[in-house]
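Peer 1: Let's see this in three dimensions:
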Amino acid sequence: MAHADDRDLVTLFTKALRKLGEAGQPEEASMLGGQAWWALKDTDPRGAERVNGTMHYLARLAADPTARERD
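Peer 2: I've put the predicted structure just below:
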């Protein structure tokens, strides 16, 4: 079970991943997200799910750079 401080870190991390993706580096952000998901999956499933959602957002950015403009 994750502590509140851990959830705050996941929130900050996912925001940073989104910003990195929006800055033109969605593949790099996705790789970092994948590493974070792997680290969280057993100890903080909820945090891992949040990272997973962010990676789906990043995948859309990588596939269609104009997707951010529509969100």
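Peer 1: By mean pLDDT, point me to the weakest helix or strand of this structure.
Peer 2: Lowest on mean pLDDT, DSSP states H and E among the helices and strands of the chain sits helix 67-70, with a mean of 62.
Peer 1: and the helix or strand hosting residue 54, how far from the chain's centre?
Peer 2: In the assignment (DSSP states H and E), residue 54 maps to helix 45-63. Centre-to-centre, helix 45-63 and its host chain are 5 Å apart (Cα atoms, centre = their mean, to the nearest Å).
Peer 1: Name the residues of it that come out as buried.
Peer 2: Within helix 45-63, the residues that count as buried by 16 or more other Cβ atoms under 10 Å are 47, 48, 50, 51, 52, 54, 55, 57, 58, 59, 61. Backbone N, C-alpha and C define where each C-beta goes, glycine included.
Peer 1: Let me know the closest of these to residue 28.
Peer 2: Residue 28 has its nearest neighbour among the buried residues of helix 45-63 in residue 58, at 9.4 Å by Cβ to Cβ.
Peer 1: That closest one contacts residue 14, doesn't it?
Peer 2: No. If you go by Cβ atoms under 8 Å, residue 58 and residue 14 don't touch, sitting 10.0 Å apart.
Peer 1: Return every residue with contacts to both of the two.
Peer 2: Counting by Cβ atoms under 8 Å, 6 or more residues apart in numbering, the shared contacts of residue 58 and residue 14 are residue 33.
Peer 1: contacting residues around the residue most central in space within the chain?
Peer 2: The centroid of the chain falls nearest to residue 54 when counting by Cα atoms, centre = their mean (3.5 Å). The contact partners of residue 54, by Cβ under 8 Å, 6+ apart, come to 14, 17, 18, 33.
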